[in-house]
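K.L.:
the sequence and its predicted three-dimensional model are supplied below.
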Amino acid sequence: MKKLNIALMALALTLSVSCKENKEDEMMDDTEMEMEDSTSMDSDSEGMMDSDRTEIAVPMASKSGSNVTGVISFVQEGDEVKMIANLTGLTPGTHAIHLHENGDCSADDATSAGGHWNPKSNEHGDWDEGMHHMGDIGNLEANANGEVSYTFSTDKWCIGCEDDTKNIVGKGVIVHAAADDFTSQPSGAAGARVACGVIE
Ligand SMILES: [Cu+2]
């Protein structure tokens, strides 16, 4: 009798252990399925974001013998394009920043980028007041260490849309040695081109 009890207990133990293992297997299956689900959800939302939100990071090359480097990012957020400029190596003070018509930084002085991007043939001016080029972003302020962190947003641009008067893809980004005075034609007397990048 005692032997039978032990045998039964052993059997019961074996059964409960195998039962538990089965449960764990099932639980693991569930977890894997959940993970697969969340992965596919991520790719879905990324797919949605591709149409709503496009981002181009433009590495800036030193020009005209400067030490200016950094990255200027352009992000489409709904109807607006946000520009985020992070630069180093500038002289402290005010520097013009523009979009120029050619996405070509091959020249040592960046003259290959051409004049200001001006698809509506406007006069050069202040972005916030009256007439201006589509590339007349304005001025950056470099701190005492020659660093700039600057954000600008506008609904007058787009990234890759059909409207050539708004689409910034293929344009050049230029940072100048001096300030834009917003009045001198055609480019605000901003001096040498100290950094250049291509929006692509
Ligand atoms: Cu310029």
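P.N.:
Cool, got the structure.
K.L.:
now Thr111: phi and psi?
P.N.:
In terms of degrees, to the nearest 10, the main-chain angles of Thr111 are phi -60, psi -20.
K.L.:
can I get stretch 114-128 in CSV, CA atoms only?
P.N.:
Listed next in CSV are the C-alpha coordinates belonging to stretch 114-128 (Å, rounded to 0.1, in the frame of the first residue of the first chain):
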residue,chain,number,x,y,z
GLY,A,114,24.5,80.1,-57.0
GLY,A,115,22.4,82.9,-55.8
HIS,A,116,19.6,82.8,-53.3
TRP,A,117,16.7,80.4,-54.0
ASN,A,118,14.1,82.8,-55.3
PRO,A,119,11.5,81.0,-57.3
LYS,A,120,9.0,83.9,-57.2
SER,A,121,11.6,86.5,-58.4
ASN,A,122,11.1,88.7,-55.3
GLU,A,123,13.5,91.2,-53.8
HIS,A,124,15.8,90.0,-51.1
GLY,A,125,14.5,91.0,-47.7
ASP,A,126,13.4,90.0,-44.2
TRP,A,127,11.4,86.8,-43.9
ASP,A,128,9.0,88.3,-41.4
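K.L.:
give the buried residues for it.
P.N.:
114, 116-118, 124-127 (16 or more other C-beta atoms under 10 Å). Quick note: C-beta positions are derived from backbone N, CA and C, even for glycine.
K.L.:
can you check stretch 169-179 too?
P.N.:
Neighbour count says stretch 169-179 has 169, 171-179 buried, by 16+ other C-beta under 10 Å.
K.L.:
CSV please, covering these and showing secondary structure and pLDDT.
P.N.:
Below are these laid out as CSV (DSSP: H, G, I helix; E, B strand; the rest coil; pLDDT from 0 to 100):
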residue, secondary structure, pLDDT
Val169, coil, 96
Lys171, coil, 98
Gly172, strand, 98
Val173, strand, 98
Ile174, strand, 98
Val175, strand, 98
His176, strand, 98
Ala177, coil, 98
Ala178, coil, 97
Ala179, coil, 97
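K.L.:
out of those, who's nearest Ser106?
P.N.:
Gly172 (10.5 Å; C-beta to C-beta).
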